[in-house]
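A.B. asks: Have a look at this prediction, sequence included:
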Amino acid sequence: MTPRWTKKDFLGLEELTQEELQLLIAQAKAFQEVSLRPIKKVPALRGRTVVLCFLEPSTRTRASFELAAKRLSADILQIQPSSSSLVKGETILDTARNIEAMQVDILVIRHSTSGIPALVARSIQSSVINAGDGSHEHPTQGLVDLFTIQEKKGRIAGLNVLIVGDILHSRVARSDFWGLSKLGAQVTLCGPPTLVPAQMEALGAKISYRLEESLPQADVVIALRLQMERQQEKFIPSLREYSRLYGIDLEKLEKAKPDLLIMHPGPVNRGVELSPEVADGPRSVILEQVTNGIAARMAVLYLVAGGRAADRSPVAPEPSPKPVEVDS
Amino acid sequence: MTPRWTKKDFLGLEELTQEELQLLIAQAKAFQEVSLRPIKKVPALRGRTVVLCFLEPSTRTRASFELAAKRLSADILQIQPSSSSLVKGETILDTARNIEAMQVDILVIRHSTSGIPALVARSIQSSVINAGDGSHEHPTQGLVDLFTIQEKKGRIAGLNVLIVGDILHSRVARSDFWGLSKLGAQVTLCGPPTLVPAQMEALGAKISYRLEESLPQADVVIALRLQMERQQEKFIPSLREYSRLYGIDLEKLEKAKPDLLIMHPGPVNRGVELSPEVADGPRSVILEQVTNGIAARMAVLYLVAGGRAADRSPVAPEPSPKPVEVDS
Amino acid sequence: MTPRWTKKDFLGLEELTQEELQLLIAQAKAFQEVSLRPIKKVPALRGRTVVLCFLEPSTRTRASFELAAKRLSADILQIQPSSSSLVKGETILDTARNIEAMQVDILVIRHSTSGIPALVARSIQSSVINAGDGSHEHPTQGLVDLFTIQEKKGRIAGLNVLIVGDILHSRVARSDFWGLSKLGAQVTLCGPPTLVPAQMEALGAKISYRLEESLPQADVVIALRLQMERQQEKFIPSLREYSRLYGIDLEKLEKAKPDLLIMHPGPVNRGVELSPEVADGPRSVILEQVTNGIAARMAVLYLVAGGRAADRSPVAPEPSPKPVEVDS
């Protein structure tokens, strides 16, 4: 039996079932080859309107959503924070209702405050996709990571996945934790005591404060980007100290499993979370995560727009070009 | 007999005939259902180039034009003020001639100085659409308002339409006044004496300084957005005072007609022009104005591009998706 | 025999052969009529992804590339300097590898540092087009100029082409010099001694410090834009002095050939490089350069994307509009 997507919105991995997560991964897999075609486009969302409302700076996630929507043939409207009517004193809900009134199909929101996408989703009928909200969730990045692990390891259940860094403030860590746990992986959270919330243990995570102890058991390690401003906020003593304890370099990898998968949501602070040799090394799949990001976001856009199963039919053929000879 | 659009440009409602206004409203009506389709797109402007040149900040009008152009399948080029060659010392006419040299079909201009779109229109062969110039006109917003009143009331002739607020500086008020007057409505302009130009009376408007006197006769009220900087400029005594005298709340509505239509070009300063209960209440059609904005702007783009009557044929069908079964 | 384009990238005219330059000009010629059609679009790059990465401000070149890519039906992703991950500490190569990982076909780069496009091109498999790098080359502008001269004069070989202004800092001058020299024109470089590098003589250029001496021999004059900041840097004594010696006005044109072609990459500082009468006069082809810019950039995008010869077949016909009668 083919599972179906029934939710209006895509707000977080915490609220999804195992079956929904598997459907998303299967749909991402189905879209993966679209970006490998010469004509990287399917007509699935032709004539649908996708609004990209990034109210926090973003290049990568925004670009990934934009290409995903374009490869689905959707029309895109970008709302920039600087030009936003928000500066004219509108509330976010007013903005959302006004965007909805333009009969848009999907609103992709990034916001620095946790819960804003869910708040908007409850107020409008258009579908809402959370592109990262505060320290709550970054569920499309979570899906990218699930999809990448499934691709490289062939399974998720039973794997030991180690997430290293600033767990406390990381929406990526939270989405990864929910997705991986639901699909049967054992997640270990590792970082300085100030940056690892101990209450995550009650949810099923293992906690580690020493990377050299937890790294050897890991099948997958996800290094989180360190926000440099955390140093000013006294969460970490110094960059050098942080990197010595929690940065992954060739020396620390000596005791790791030979087929350890090294992941990072990017952009990498080279020499902090990962040494350059590790970031560019044979076990790193960081650029594959970027590639998979397009297919994962195509899957999310497609399913919330009401798509069923995996539509990958090519766009209508155009008349074949009649080459005109050019004499030199 | 089918009326035809013969003007190269769309610069203001003042210069249009009754027949042209009716053609625009009929064309907007014809495009209205396009945005209700699953595939919100017609091929009418496929391969045409529309330049959005907003030299004054704008989110809503720009977004509305962008979606209108995309739903007509046009190609869009955005010119931002920050990146504009204007900062390299080009005059606006040089910029326009250079844009025209790229063989664009339509140039949509917003500018803080009255008359700039008309000046540009005289200098280039491409069509020019005024998206708001200084305190002169905002003719597409005027068309949105005409279209919305026609939709909700079934007619415009013979209606009493009350425009409330800063008439003096409002390009929306001026476009609304011209359009409504030409189509046979009686327009009353209401606001503080400092903000209502008395010479409008000579053009056929009624003038009122007391909202409680003019509101009960109105079939339609259009509340204008108060530019907060007017307070610093001493045009209004205080926000509280302004709101007490000219803001519309449930109490003032008690003496209004039961089928009064409440309009606002947005974004609303809640509690200033309209109380929240009124802005979100059953007589408010503010969000319908936003929805109608797409159809109205599609009509303008289509007619100046040389369209005849109401082309609403759907885009060419793509091959139907062949669903691929996904097993969970 | 039809010549073929075999290079992955388009980095500069210096590295191209005479045959490659002729192929580019012929391809631009083939695309020229596309922008004159009512439907200004061919399906040549449908489903290809073109990234516009302008890390230096630009309106004209960016707009020209954007329209060229849209008229080829490509999908476009814009990377802005402000929103770029570069501010998060990524190197340009990391950015480029991340963009490439999104399976893009062509990366168009403008950068203030000479050599960056070539550096990126060596690091990624996607095609790279140089949209201007430091004072090195601006090869698409060079192609525009070659194409425009070929169109207006019917030939390039044997012409005397005079380039006037700040040769030292001008990437346009460098690209023009290489392209014109390879195609058999005699190039003369003219400007103040501080701004004309004497070593260009060894490459085949003539050097002139006096415009009144070199202008009468010229078949074509290309006036370069003066960067106003050069005055502060003491490269030129004063604007008035510069304009008197190297600005072209009607008086200086009296001794010029009657069919002299006057070109400028724009935007013109009117009254500095060219007097207004000259810039707008009958011998000026400045706006034709802008028009030709679209076709020239279409040619470059098309050839690096693997196009062969001149594909100008129209986009697939859409069903013809069924006009709906509108009664007034």
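C.D. replies: Sure thing, it's come through. Residues are numbered from 1 along each chain as shown, chains lettered A, B, ... in the order given.
A.B. asks: need the contact list for A:R225.
C.D. replies: With contact set as Cβ atoms under 8 Å, 6 or more residues apart in numbering or on different chains, A:R225 has these partners: A:G165, A:H264, A:P265, A:G266, A:P267, A:V268, A:N269, A:E273. Every C-beta, even on glycine, is put in place using the N, C-alpha and C of the backbone.
A.B. asks: Please render those as a markdown table that adds pLDDT, distance to A:R46 and neighbour count to the earlier fields.
C.D. replies: Shown next, in a markdown table, are the contacts of A:R225 (pLDDT from 0 to 100; distance: Cβ to Cβ, whole Å; neighbours: other Cβ atoms under 10 Å in any protein chain shown):
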| residue | pLDDT | distance to A:R46 | neighbour count |
| --- | --- | --- | --- |
| A:G165 | 97 | 41 | 30 |
| A:H264 | 98 | 35 | 24 |
| A:P265 | 97 | 31 | 26 |
| A:G266 | 92 | 31 | 21 |
| A:P267 | 90 | 33 | 19 |
| A:V268 | 92 | 36 | 24 |
| A:N269 | 92 | 40 | 20 |
| A:E273 | 96 | 40 | 22 |
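A.B. asks: what subset of the residues you listed is also close to chain C?
C.D. replies: Among those, the residues lying close to chain C (Cβ under 8 Å from any Cβ of the partner chain) are A:G266, A:P267, A:V268, A:N269.
A.B. asks: Return the residues in contact with the nearest residue to the last one once chain neighbours are set aside.
C.D. replies: Beyond its immediate neighbours in the sequence, the residue positioned closest to A:N269 (Cβ to Cβ, 6 or more residues apart in numbering or on different chains) is A:L226, lying 5.9 Å away. Listed by Cβ under 8 Å, 6+ apart, the contact partners of A:L226 are A:G165, A:D166, A:I236, A:L239, A:Y242, A:N269, A:V272, A:E273.
A.B. asks: which of the residues you listed lies closest to chain B?
C.D. replies: When the contacts of A:L226 are compared for distance to chain B (Cβ to the nearest Cβ), A:N269 wins out at 29.5 Å.
A.B. asks: mind checking how far that closest one is from B:M200?
C.D. replies: As judged by Cβ to Cβ, to the nearest Å, A:N269 and B:M200 stand 62 Å apart.
A.B. asks: got a list of what A:P197 touches?
C.D. replies: Taking Cβ under 8 Å, 6+ apart, one finds A:I167, A:L168 in contact with A:P197.
A.B. asks: does chain C sit close to stretch A:108-115?
C.D. replies: No - contact of stretch A:108-115 with chain C (Cβ under 8 Å from any Cβ) is absent, the minimum separation being 12.0 Å.
A.B. asks: buried stuff in that stretch?
C.D. replies: A:V108, A:I109, A:R110, A:H111, A:S114 (16 or more other Cβ atoms under 10 Å in any protein chain shown).
A.B. asks: So what does the last one look like in phi/psi?
C.D. replies: Dihedral angles phi and psi of A:S114 (degrees, to the nearest 10) take the values phi -60, psi 140.
A.B. asks: Kindly report the same for the third one.
C.D. replies: The phi/psi pair for A:R110 (degrees, to the nearest 10) reads phi -110, psi 130.
A.B. asks: Give me the neighbour count for the residue in the stretch 151-300 of chain A that chain B sits nearest to.
C.D. replies: Of all residues in the stretch 151-300 of chain A, A:A299 sits closest to chain B, at 10.4 Å by Cβ to the nearest Cβ. Using other Cβ atoms under 10 Å in any protein chain shown, A:A299 has 29 other residues around it.
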